[in-house]
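Asker: Got a sequence here, can you model it:
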Amino acid sequence: MSWLNLDRRKAQLVAARDLRDAISELRLILAMVGLTIAIPLACAIGVRGLALYGGGTSVVNRLSVVGAFFVVFIPASFSLVLALESFVGERERTTLEVLISTPLKEAEIYAGKVAAVLAISLTLCYGGLAVYCLAVFPGLGYFPLDVLIALALSTICQVAAMVAGAVIISLNARTMRAANVMASFIILPMSVALQTEAALILLGRTEFLWGFAGLMLALAAILLRMGLNGFSREALLARDSGLHRPLQRAANALRASFQRRPGILRLLWWRRTALLVAAVGLPAGAAAGYVAGITGAIPASVVKPALSTLIAAAGGGSQLDQALAIISHNLLAILLVAPLALITAGLSGFLLTFLPGFLLGFAASQSSWSIALTGIVPNGLVEIPVAIIAGGLALQIGAATIHMEASGGWTARVLAAGADYVRALRWLVPALIVAAVLEVRFG
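Answerer: Numbers count the residues shown, from 1 in each chain. As a prediction, the model looks like this:
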């Protein structure tokens, strides 16, 4: 399925149907309109009151931008509720069969559902932002147009990401109660993203907000693609019958993921593309670190504590104590990268090589490449291949996580990628021990 070959008129019919259902509930309309008007006005009264009674120009200006972020976020929360209800709500109202029996493509149904939720959510967000701006900024002598534009764009990306993730949950949940529980997988990451955005707004750097919006746009595109590829009429109807003995099915799936897996050499050949991406992370990080160091884009006072922490991780005392400290530090890194790959779409695997490369390049910018490279020899000859292999396999876990097919099999693919990583630890852990011995003995 593709967005390009769908009939937009038919998708609009599905969207119009959902919009009619949403606005037919009087209590829901009152709640949405109230949030769009009351909260922005309350925030505006607070900001104007602070400006009137002498809160300080810089404080008022900064608070006015934070208030804009606040009034946009509250209506955006409706997108999660509406998207969770998109398919599982149809099932509970017994109207799902009517919808999927229509002569519409899966892409048209999916696009219509997503468009309806986006239309409502973005209308509320931008309506609240317009009310807030009209109530706050006239006469204030301050209008951060660049920040507000970046905030408006990031709002589209955030709402799209929340909607896409919630629709995936709605497709795979059997009841609204289960969908609400599974929504925590969206709420927790989005809360971190919102706190990050709030910090960037307080920092006042517009370019960082644009970068944040770009990251959210990429996340939204990935989630929308996952939902579209994983949407199937047959799977949606089959899910309604339920699953028997879920614990036994989970145990069987876990056991099957370790069966008939390739050996380490064949596995590395199969995953050569992911390994190549992970390998590129090291020189890319070194180049980025070197440029950041010589241009002063990142102050040395920010990076030097990280370098000092890594040096201190080797510990003191006997050579055995130092080796154990190095092994535990490196082992913790490769053990954490796999579960993090599940929630970062494999980004943790790339960072496993990029971040050491960045520190290496930054150290070279403060001294020279010969001195920096001397610090990673001879242990780096073993640690670097280990990091590339672990990073590449973690990238494969992330790729399996974001890849969905209408025929199903998502769980089996993710478990197989995780099983490959666990089986590779039989070779990676001894290599880390060898690297630690080399570092203590000859480093």
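
Asker: Mind naming the longest helix for the chain?
Answerer: Ranked by residue count and defined by DSSP state H, the top helix of the chain is helix 57-92.

Asker: What residues sit buried inside it?
Answerer: 60-65, 67-80, 82-91 (16 or more other CB atoms under 10 Å). In short, each C-beta sits where N, CA and C put it, glycine included.

Asker: quick one: low-confidence parts of the stretch 201-350 of the chain?
Answerer: 235-250, 253, 257, 302, 306-317 (pLDDT under 70).

Asker: can you give me phi and psi for Gly296?
Answerer: phi 80, psi 20 (degrees, to the nearest 10).

Asker: Contacts only, for it.
Answerer: Applying CB atoms under 8 Å, 6 or more residues apart in numbering to Gly296 gives no contacts.

Asker: Not counting its own residues, what contacts stretch 52-68?
Answerer: By CB under 8 Å, 6+ apart, stretch 52-68 touches 43-44, 46-47, 50-51, 129, 132-133, 136-137, 140, 142, 144, 147-148, 151, 198, 201-202, 204.

Asker: go with 6 Å
Answerer: Cys43, Val47, Leu50, Ala51, Tyr132, Val136, Tyr142, Pro144, Val147, Ile201 (CB atoms under 6 Å, 6 or more residues apart in numbering).

Asker: Pull out the buried members of the residues you listed.
Answerer: The neighbour-count test (16+ other CB under 10 Å) marks Cys43, Val47, Ala51, Tyr132, Val136, Pro144, Val147, Ile201 as buried among the contacts of stretch 52-68.

Asker: Export those to CSV and append columns for secondary structure and distance to Gly418.
Answerer: Output for the buried ones among the contacts of stretch 52-68, formatted as CSV (DSSP: H, G, I helix; E, B strand; the rest coil; distance: CB to CB, whole Å):
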residue, secondary structure, distance to Gly418
Cys43, helix, 45
Val47, helix, 49
Ala51, helix, 55
Tyr132, helix, 46
Val136, helix, 50
Pro144, coil, 45
Val147, helix, 42
Ile201, helix, 37
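
Asker: Return the closest of those residues with respect to Asp21.
Answerer: Tyr132 (28.7 Å; CB to CB).

Asker: Could you pull up the residues touching the residue of the chain most remote from its centre?
Answerer: Residue farthest from the centre of the chain, counting by CA atoms, centre = their mean, is Ser318 at 42.3 Å. By CB under 6 Å, 6+ apart, Ser318 lies in contact with nothing.

Asker: from here on, count from 13
Answerer: From this message on, residue numbering opens at 13, which makes the last subject Ser330.

Asker: what about it, distance to Ala337?
Answerer: Note on Ser330: its distance to Ala337, by CB to CB, to the nearest Å, is 11 Å.

Asker: same check, this time on Phe90
Answerer: 50 Å.

Asker: How many neighbouring residues does Pro442 have?
Answerer: For Pro442, the number of neighbouring residues by other CB atoms under 10 Å comes to 11.

Asker: State the next helix or strand along the chain beyond the one helix or strand Ile400 maps to.
Answerer: Using DSSP states H and E, Ile400 falls within helix 392-414. Following helix 392-414 in sequence order, the next helix or strand is helix 422-454 (DSSP H and E).

Asker: Okay, angle between that next one and helix 392-414 too, please.
Answerer: 170 degrees (axes from the mean of the first three to the mean of the last three CA atoms, to 10 degrees).

Asker: helices or strands up against helix 422-454?
Answerer: In terms of contacts (3 or more CB pairs under 6 Å, 6 or more residues apart in numbering; DSSP states H and E), helix 422-454 is packed against helix 258-269, helix 331-356, helix 392-414.

Asker: out of the ones you listed, nearest to Gly242?
Answerer: With CB to CB as the measure, helix 392-414 is the member of the helices and strands packed on helix 422-454 nearest Gly242 (10.4 Å).
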